[in-house]
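Engineer: need coordinates for the below:
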Amino acid sequence: MTTLFKNARLIDPEAGTDTIGSLLVQDEKIDKTFQEQVDFEELFRTRSISPTIIDCAGKCLAPGIVDIGVKVCEPGERHKESFKSAGLAAAAGGVTTMVTRPDTTPDIDSPEVLEFVTRRAADDAEVNVLHMAALTKGRMGREMTEIGFLMDAGAVAFTDCDRVVTDTKVLSRALTYARSLGALVIAHPQEPCLSKGAAATSGPFASLRGLPTVSPMAERIGLDRDIALVEMTGARYHADQITTMRALPALERAKRNGLDITAGVSIHHLTLNELDVADYRTFFKVKPPLRSEDDRLAVIEAVGSGLIDIISSMHTPQDEESKRLPFEEAASGAVALETLLPAALRLYHAGQLDLPVLFRAMSLNPARRLGLSCGRLTAGAPADLVLFDADVPFVMDRFALRSKSGNTPFDGQRMQGKVLATYVAGQKVYARS
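Structural biologist: Residues are numbered from 1 along each chain as shown. The predicted structure follows:
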């Protein structure tokens, strides 16, 4: 099957360009991009092809989003999210590759559980699905998992998610073993004793509301420890969420010293701040908690400079019962597969980040970190694409989301930018009705 996307606004994160052109897809891969006027009829005659032609009418065409850190609640909590519903939500949000977390029930800490979720994803999801596995058994931080066997079963990275491994000897052994296999370890930088039970970031706002808090320094302390262990072991390391300005100098020094470290941030910490908690709205309770406006602006600047590499949804479905509780008792997390792109476009419309930079962080860099060939518009790359209108306004309605859970902090908010179509290996998996 051959498809020509013509009159598109091509967002190329690898070249850092935003130009009008056309893109040819053949045999599930990108064949070529054209940024000049081309006699396509002559080209098709020369190649003896009859492509499907899609006129993009000046709308944006970009590499599909590669979203690291998605929670799909199979096995154990399928009522919150299944691979079927998550796949539909991802396609509607322009996410062509989901990289799922292992914090399920039971945890994905053995080849058998990993093979189960791999089969479920292949059968039910319309987008690409890759899986992370737990770093320690049961994510208890006591004994590392069989990293080699899990890699053979398809695990692309190893993480205990938001359960910080407190035993430094266990973590150092796991990092050393991961280094010997070339495995990527993803950690949650946080000092667990300081952050235990916290529901908000320390400061006057949280104090006035009587919420249990954690200092931003807890993130810095956790990151400093992890950096020291990475320096000692030489492991490949990714910090899942860097959300405070106090952590940025340590991250910059680690990169300058040549350590194999990357960092991410969730879309919620880029577009919301601690004031959004306001009337104890539990849909705004995430982990780590929302930060100050100064922190938010510093992290946006770090994404723009490339210090923070990856933007992800940190999609965490929670049912109504776990959110309709007092703020400090409510479950943490928010769904974001469908809202990741329109929320990111807030930064574009505010003039803080341009589209190539956004897709560098949402598509190119996560693909590179995992050794994937997607996330770019170059010839030979998989034709995983998202066509979107960056300017169309709408009001977010959580009941219209395709996720089984509707715990989005953007419910009822005015947003700008919608996905028009999503393609995986050149096949359309979503089209806006």
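
Engineer: what is the residue most central in space within the chain paired to in the beta sheet?
Structural biologist: For the chain, S312 is the residue whose C-alpha lies nearest the centre (C-alpha atoms, centre = their mean; 2.3 Å). Applying DSSP bridges to S312 gives these bridge partners: S266.

Engineer: any idea how far it lies from A155?
Structural biologist: Using C-beta to C-beta, to the nearest Å, S312 is found at 18 Å from A155. Yep, even glycine has a C-beta here, placed from its N, CA and C like the rest.

Engineer: buried ones in the lengthiest helix in the chain, by neighbour count?
Structural biologist: The helix spanning the most residues in the chain, taking DSSP state H as the definition, is helix 217-233. Neighbour-count burial for helix 217-233 flags 218-227, 229-230, 233 (criterion: 16 or more other C-beta atoms under 10 Å).

Engineer: and what of stretch 362-370?
Structural biologist: Neighbour-count burial for stretch 362-370 flags M362, S363, L364, N365, P366, A367, R368, R369, L370 (criterion: 16+ other C-beta under 10 Å).

Engineer: and these as JSON lines, adding distance to K29?
Structural biologist: What follows is the buried residues of stretch 362-370, written out as JSON lines (distance: C-beta to C-beta, whole Å):
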{"residue": "M362", "distance to K29": "21"}
{"residue": "S363", "distance to K29": "16"}
{"residue": "L364", "distance to K29": "17"}
{"residue": "N365", "distance to K29": "21"}
{"residue": "P366", "distance to K29": "19"}
{"residue": "A367", "distance to K29": "14"}
{"residue": "R368", "distance to K29": "18"}
{"residue": "R369", "distance to K29": "21"}
{"residue": "L370", "distance to K29": "18"}
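
Engineer: show me the domain layout of this protein.
Structural biologist: Listed domain ranges for the chain are 2-61+383-390+415-431, 64-369 (source: automatic domain parsing).

Engineer: go through the ones you listed and name the closest to T408.
Structural biologist: Nearest to T408 among the domains of the chain is domain 64-369 (5.3 Å), distances taken as C-beta to C-beta.

Engineer: measure that closest one end to end?
Structural biologist: Length of domain 64-369, first residue to last, C-alpha to C-alpha, to the nearest Å: 16 Å.

Engineer: what about I11, how many residues nearby?
Structural biologist: Residues near I11, counting by other C-beta atoms under 10 Å, number 26.

Engineer: should've said I54
Structural biologist: Neighbourhood size, I54 [other C-beta under 10 Å]: 20.

Engineer: so for the residue lying closest to it once chain neighbours are set aside, what's the pLDDT?
Structural biologist: Spatial nearest neighbour of I54, chain neighbours left out: F5 (5.1 Å); criterion: C-beta to C-beta, 6 or more residues apart in numbering. At F5, the model reports a pLDDT of 96.

Engineer: buried stuff in the helix or strand where F205 lies?
Structural biologist: Assigned by DSSP states H and E, F205 belongs to helix 204-208. Residues F205, A206 are the ones in helix 204-208 that count as buried (16+ other C-beta under 10 Å).

Engineer: ok, and the helix or strand in the protein with the lowest average confidence?
Structural biologist: One helix or strand of the chain scores below all others by mean pLDDT, DSSP states H and E: helix 40-47, with a mean of 82.

Engineer: now do it: distance to the chain's middle.
Structural biologist: In terms of C-alpha atoms, centre = their mean, to the nearest Å, the gap separating the centre of helix 40-47 from the centre of its chain is 39 Å.

Engineer: for it, packing partners?
Structural biologist: If you count contacts as 3 or more C-beta pairs under 8 Å, 6 or more residues apart in numbering; DSSP states H and E, helix 40-47 packs onto no helix or strand.

Engineer: now the helices for the stretch 251-400 of the chain?
Structural biologist: For the stretch 251-400 of the chain, the helices defined by DSSP state H, counting those that start in this stretch cover 267-271, 293-305, 320-323, 340-349, 355-359, 365-369.

Engineer: got TSV for those, with distance to E14 and mean pLDDT too?
Structural biologist: Listed next are the helices of the stretch 251-400 of the chain as TSV, based on distance: least, C-beta to C-beta, whole Å; pLDDT from 0 to 100:
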stretch	distance to E14	mean pLDDT
helix 267-271	22	98
helix 293-305	17	98
helix 320-323	39	94
helix 340-349	18	98
helix 355-359	9	98
helix 365-369	9	98
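
Engineer: among these, which comes closest to C56?
Structural biologist: Counting by C-beta to C-beta, C56 lies closest to helix 355-359 out of the helices of the stretch 251-400 of the chain; the figure is 14.5 Å.

Engineer: quick revisit: and the domains of the chain, which one averages the lowest pLDDT?
Structural biologist: domain 2-61+383-390+415-431 (a mean of 93).

Engineer: got a markdown table for the helices of the stretch 251-400 of the chain, with distance to D391 too?
Structural biologist: Conversion of these to a markdown table gives the following (distance: least, C-beta to C-beta, whole Å):
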| stretch | distance to D391 |
| --- | --- |
| helix 267-271 | 18 |
| helix 293-305 | 21 |
| helix 320-323 | 32 |
| helix 340-349 | 8 |
| helix 355-359 | 12 |
| helix 365-369 | 25 |
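
Engineer: out of these, which is closest to L114?
Structural biologist: L114 lies closest to helix 365-369 among those, at 19.9 Å (C-beta to C-beta).

Engineer: which strands and helices sit next to the closest one?
Structural biologist: Secondary-structure packing of helix 365-369 (3+ C-beta pairs under 8 Å, 6+ apart): strand 65-70, strand 261-266, strand 310-312.

Engineer: now H79: how far from F283?
Structural biologist: Computed as C-beta to C-beta, the H79 to F283 distance reads 18 Å.

Engineer: of these two, who's got more company?
Structural biologist: Between H79 and F283, counted using other C-beta under 10 Å, F283 has the larger neighbour count: 20 against 11.

Engineer: before we move on, the earlier item: looking at the domains of the chain, which is buried most?
Structural biologist: Across the domains of the chain, averaging neighbours per residue (mean count of other C-beta atoms under 10 Å) puts domain 64-369 on top, at a mean of 21.

Engineer: how distant is it from the center of its chain?
Structural biologist: For domain 64-369, the separation from the chain centroid amounts to 8 Å (computed by C-alpha atoms, centre = their mean).

Engineer: how close does A133 sit to A344?
Structural biologist: Going from A133 to A344 by C-beta to C-beta gives 28 Å.

Engineer: I figured R368 hits C374, correct?
Structural biologist: No - using C-beta atoms under 8 Å, R368 is not in contact with C374; the gap is 10.0 Å.

Engineer: A250 - that's part of a helix, no?
Structural biologist: Yes - under DSSP: H, G, I helix; E, B strand; the rest coil, A250 falls within a helix.

Engineer: tell me who's in contact with it.
Structural biologist: By C-beta atoms under 8 Å, 6 or more residues apart in numbering, the residues touching A250 are R220, L223, D224, I227.
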